[in-house]
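K.L.:
model this:
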Amino acid sequence: MEMKKNDHIHCSVTQCKHNMGTENYCCLNSITIGTHEPNPTVPECTDCFSFVKRSCCE
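P.N.:
Numbers count the residues shown, from 1 in each chain. Below is the predicted model:
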């Protein structure tokens, strides 16, 4: 699969399969953001539900 940078989604999580690796961008067309808290009040309460751990061979 050829990865294409999405200029609208900045991402610095290089451990994610969807991160460009060479640049701080995501290659997905869209992402899903959610929370693990019943009443989120700070950025740390949110999560990228589109995260997929990059395998060691990619």
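K.L.:
name the spans of this protein whose pLDDT lies under the cut-off.
P.N.:
Applying pLDDT under 70 to the chain flags residues 1, 57-58.
K.L.:
and the residue nearest the centre of it, what helix or strand is that in?
P.N.:
In the chain, the residue lying closest to the centroid (CA atoms, centre = their mean) is F51, at 5.1 Å. Using DSSP states H and E, F51 maps to neither a helix nor a strand.
K.L.:
so where's the longest strand in this structure?
P.N.:
Longest strand in the chain, counting residues (DSSP state E): strand 6-10.
K.L.:
what lies in contact with the helix or strand just after it?
P.N.:
For strand 6-10, the following helix or strand on the C-terminal side (DSSP H and E) is strand 25-26. Strand 25-26 has contacts (CB atoms under 8 Å, 6 or more residues apart in numbering) with K5, N6, D7, I9, H10, C11, C16, H18, N19, M20, S50. Every residue, glycine included, has its C-beta placed from N, CA and C.
K.L.:
tell me the strands beside the next helix or strand after strand 25-26, with direction?
P.N.:
Counting by DSSP H and E, the next helix or strand C-terminal to strand 25-26 is strand 33-35. Here strand 33-35 is paired, per DSSP bridges, with strand 46-48 (antiparallel).
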